[in-house]
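[1] got a sequence here, can you model it:
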Amino acid sequence: MKLSICKLVSMARLVCLLCILGSGLWTSSVLAMTFNANSAKNSAQGSISDLPIIRVGVLQFGTINWEMDTIIHHQLDTQRGFRLAVHPFASKNASAVALQSGAVDVIMTDLFWVSRQRGQGKPYVIMPTTKASGGVYTNEKQSFTQLLQQNDNSIGVAGGSVDKNWLLLQAYAKQQELDLLAHFTPKFAAPPLLNRFMMNNELDASINFWHYNARLDAAGFTLTLPVTTMLRSLKIHADVPLLGWVFDEEWGNKRKQLVTEFFKASFAAKTILQTQPQEWLRIRNLTKAENEQVFTSLQANYPDTLLTQFTIREIAATQQLFAVFAEVGGQELMGTTTKFNADIYWSDALRIWQSQQ
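    Here you go, the predicted structure:
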């Protein structure tokens, strides 16, 4: 039976209506999905912006920036519930002033600074991260022992008269019954200048910061008297944790979980730099390596600067070194505090380190 014209028209209208409704439902679904996705994105952005901020003061061109960049690039901070804000400073003194004024929460500095501050009643503590390393470099033709058989030698020192390795060398020489200053005249200068003097054979030996030593390694110079040798001669057989994260003790104790997460992010970044060679390609510009040899040397030497454990053994080694430095460094280094006190370490330092080992 054939359908009437009216019925055909009615059916056509019904089909059109269903299509329109279907299209509307599909559009509504798409709009809902888009809205939900945008809401989730905005919610994530909002949650990140709501995270507490840890303000870290670093040397503008210091190697610690490699670690800070790694934390931010891999979102090791936001994954652990905080945002890292890096504040660069031109000198250690500037970063110390920033900490004391409350402009930053944490800085990287040495435990002797912390000890002097605590001796003045200021509540700073340290979470150790970096050990004593490096030593005395000479050209490949002459060892330090050979230089001690001569007079009128020159030795460059980057950290000034209270540089830790320079003081350690003096203590070593005294223990070996050597008159160090009868054989060497110290010349204090900026790290890059000392390297230039070494390259031009204007110095017989040098004591410099590790990333400048790495450049000497790349140029064929020799670590002729390592810090480890000097420490062993002084009967110190464990690594000495000289540098670390420093902050106000009360600030840290009120934010224990947050500060612990910051340290975990710091550990994680160090692990990436030690185990993932491609990470070095990413941060290559930050290293300021002049050539491939220097770049390779920096990468090879980096792990040797890092503390690998922190236990009562390392604390005892630090106590031994304090006694040595109190004698050779005097008030200029130690301030009014001449004895080691373990309260310079944050109360949770051993626990956090144990969880990493």
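[2] make it CA atoms for all contacts and neighbour counts henceforth
    Will do.
[3] in a helix, F247, correct?
    No. Read with DSSP: H, G, I helix; E, B strand; the rest coil, F247 is strand and lies in no helix.
[4] show me what the closest residue to it other than its chain neighbours is bridged to.
    Among residues not flanking F247 along the chain, V106 sits closest, at 4.9 Å (C-alpha to C-alpha, 6 or more residues apart in numbering). Note on V106: beta-bridge partners by DSSP bridges are V56, F247.
[5] strands of the stretch 151-300 of the chain, start to end?
    Ranges of strands in the stretch 151-300 of the chain, per DSSP state E, counting those that start in this stretch, are 153-157, 184-188, 205-207, 222-226, 241-248.
[6] A300: neighbour count?
    12 (other C-alpha atoms under 10 Å).
[7] next one: the most centrally placed residue in the chain from G156, what distance?
    Most central in the chain under C-alpha atoms, centre = their mean is I64, positioned 3.7 Å from the mean C-alpha point. For I64, the distance to G156 equals 24 Å [C-alpha to C-alpha, to the nearest Å].
[8] give me the residues contacting stretch 166-175.
    157, 161, 179-180, 207, 227, 230-231, 233-234, 324-325, 328-329 (C-alpha atoms under 8 Å, 6 or more residues apart in numbering).
[9] mind doing that once more with 6 Å?
    By C-alpha atoms under 6 Å, 6 or more residues apart in numbering, the surrounding residues in contact with stretch 166-175 are M230.
[10] picking up where we left off before, closest one to V56 among the strands of the stretch 151-300 of the chain?
    strand 241-248 (9.2 Å; C-alpha to C-alpha).
[11] of all the strands of the stretch 151-300 of the chain, which lies closest to V86?
    Per C-alpha to C-alpha, nearest to V86 of the strands of the stretch 151-300 of the chain: strand 241-248, 13.5 Å.
[12] list the helices and strands the closest one packs on?
    strand 106-110, strand 124-131 (3 or more C-alpha pairs under 6 Å, 6 or more residues apart in numbering; DSSP states H and E).
[13] can you lay out these as CSV showing distance to V246 and mean pLDDT?
    Formatted as CSV, these follow (distance: least, C-alpha to C-alpha, whole Å; pLDDT from 0 to 100):
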stretch, distance to V246, mean pLDDT
strand 106-110, 5, 96
strand 124-131, 4, 97
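[14] looking at those, spot the one closest to E249.
    Among the helices and strands packed on strand 241-248, strand 124-131 sits nearest to E249 (C-alpha to C-alpha), with 5.5 Å.
[15] may I have the closest one as CSV, with CA atoms only?
    Provided in CSV are the C-alpha atoms of strand 124-131 (Å, rounded to 0.1, in the frame of the first residue of the first chain):
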residue,chain,number,x,y,z
TYR,A,124,70.7,28.6,61.8
VAL,A,125,71.2,24.9,61.1
ILE,A,126,72.6,22.9,58.1
MET,A,127,71.5,19.9,56.1
PRO,A,128,74.8,18.6,54.8
THR,A,129,75.1,17.7,51.1
THR,A,130,78.6,18.3,49.8
LYS,A,131,81.9,16.9,51.1
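[16] how about that strand: buried residues?
    Along strand 124-131, these residues count as buried under the neighbour rule (16 or more other C-alpha atoms under 10 Å): Y124, V125, I126, M127, P128, T129, T130, K131.
[17] which among the residues you listed gets closest to A317?
    After measuring the buried residues of strand 124-131 against A317 - C-alpha to C-alpha - the closest member comes out as K131, at 11.2 Å.
[18] confidence score at the closest residue in space to that closest one that isn't next to it in sequence?
    In space, and not counting its chain neighbours, K131 is closest to P241: 4.2 Å by C-alpha to C-alpha, 6+ apart. At P241, the model reports a pLDDT of 95.
[19] make sure P241 is actually in contact with M127.
    No. P241 is beyond contact range of M127, at 9.4 Å (criterion: C-alpha atoms under 6 Å).
[20] what is the burial count for D248?
    18.
[21] scratch that, T78 is what I was asking about
    With other C-alpha under 10 Å as criterion, T78 counts 20.
[22] give me every residue that touches it.
    Here T78 is in contact with no residue (C-alpha under 6 Å, 6+ apart).
[23] pLDDT score for R196?
    For R196, the pLDDT comes out at 97.
[24] now the one 4 residues further on
    Among the per-residue scores, N200 holds a pLDDT of 96.
[25] please apply the same query to Q331.
    pLDDT, Q331: 65.
[26] from P241, how far out is the residue nearest to F247?
    17 Å.
[27] just to revisit the earlier point, take the strands of the stretch 151-300 of the chain and write them to CSV, including distance to T336.
    Converted to CSV, the strands of the stretch 151-300 of the chain look like this (distance: least, C-alpha to C-alpha, whole Å):
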stretch, distance to T336
strand 153-157, 25
strand 184-188, 25
strand 205-207, 27
strand 222-226, 30
strand 241-248, 19
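[28] go through these and pick out the most buried.
    Sort these by mean neighbour count, taking mean count of other C-alpha atoms under 10 Å, and strand 205-207 sits at the top with a mean of 28.
[29] so what strands line up beside that one?
    strand 135-138 (antiparallel), strand 153-157 (parallel).
[30] right, I'll leave it there.
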